[in-house]
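# sharing a sequence plus its predicted fold:
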Amino acid sequence: MNKIEKDLLKQIADIEKTPMGAYNIRENGKGIERNTTANIDIVTKTDKPGIDIIIKPNTKNESVHIPVILTQGGITDVVYNDFYIGENADVVIVAGCGIHNSTCDTSEHDGIHTFHLAKGAKIKYIEKHYGEGEGTGDRILNPQTIINLDENASMEMESVQIKGVSSTIRETYANMKKGSSLVISERIMTTGKQTAKTIFDVNLDGEDSSVHVASRSVAEDDSVQEFISNVKGNTKCFGHVECDAIIMENAKVISDPKIEANDVDASLIHEAAIGKIAGEQLIKLMTLGLTEKEAEEQIINGFLK
């Protein structure tokens, strides 16, 4: 791989050498490298672009890396990936997409990831998005995540948009059965005239199921962000959604929360806070010798951790 490819993989998947375990690396619409293990199989779909990742029951302490990179302009890459996680498995899945676009043409990746977690299965899913390049062409990323959690299954999802993405629509849909749990941590940075729209739609159908969504974002310059959440408690369950945003310059942030309790024992909470960096925070750091810009960067980095 050349330097651009290596840098993209490091940004989105912390890959600096051949990853351990199972992996599938996709570049410019084609798979370029793959490895499977005794417990994790990766199969190319025959009816549409994408792969099936099949993890055997009781698989522990293994990982799957499935990063996507685009290094050419004028590409629209759509991929459908299905994850089948066997009973009582406990694994880490690392995905994400990086775009390097030095042309005037648009580069776009739309990843539709569907998770099927069997009874008692557990995964940590990490997805990072990143754009770079000196070209004027847009870098568009539209991830869609569909989550199906069986009884007592659990999923922790970390979704991060680092920088450099011209526009994105980020959709997450979840259907949850008895005793299942879902924890989502989202972090987004937009600058310039970039736009980002996030949609969370969660059905708490199983008794004692729970979801916690925490979204933190920073909007700078003339960028626009929109956060939409819809959590439906259909039985005895717990749901907590929090959206916090820092707004700077002429940026705009919209938060549109909705919680729907369809059962007397559904407990649902939504919290939202949007504001600029507090002046006292800046002053405190500047008294330590930082410039105003350095103080702002330190506050933002800490907020997005």
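Noted; the coordinates are in hand.
# quick one: secondary structure of residue 4?
Following DSSP: H, G, I helix; E, B strand; the rest coil, we place residue 4 in the helix state.
# okay, now the closest residue to it other than its chain neighbours: neighbour count?
Take residue 4 and drop its neighbours on the chain: the residue closest to it by C-beta to C-beta, 6 or more residues apart in numbering is residue 100, 5.2 Å away. No exception for glycine: its C-beta is placed from N, CA and C like everyone else's. Close neighbours of residue 100, defined as other C-beta atoms under 10 Å, add up to 23.
# how far away is residue 100 from residue 260?
Relative to residue 260, residue 100 is positioned 42 Å away (C-beta to C-beta, to the nearest Å).
# equivalent analysis for residue 52, please.
Distance of residue 52 to residue 260, given as C-beta to C-beta: 33 Å.
# for the host helix or strand of residue 159, what is the average pLDDT?
Under DSSP states H and E, the secondary-structure element containing residue 159 is strand 154-161. The average pLDDT for strand 154-161 rounds to 97.
# who does it touch, helix- and strand-wise?
In terms of contacts (3 or more C-beta pairs under 8 Å, 6 or more residues apart in numbering; DSSP states H and E), strand 154-161 is packed against strand 107-117, strand 122-132, strand 144-149, strand 167-176, strand 181-190.
# residues in contact with that strand?
With C-beta atoms under 8 Å, 6 or more residues apart in numbering as the test, strand 154-161 has contacts from 115, 117, 121-130, 141, 143, 145, 147, 149, 168, 170, 172, 180-190, 196.
# can I get the buried part of these as one PyMOL selection?
PyMOL command restricting those to the buried ones, with burial defined by 16 or more other C-beta atoms under 10 Å:
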select buried, resi 115+117+121+122+123+124+125+126+127+128+129+130+141+143+145+147+149+168+170+172+180+181+182+183+184+186+187+188+189+190+196
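# run the chain-centre distance for stretch 255-275.
Stretch 255-275 sits 21 Å away from the centroid of its parent chain (C-alpha atoms, centre = their mean, to the nearest Å).
# residues contacting stretch 46-55, please?
Stretch 46-55 is contacted from outside by 22, 24, 29, 31, 39-45, 62, 64, 66, 77-86, 89, 91, 93, 112, using C-beta under 8 Å, 6+ apart.
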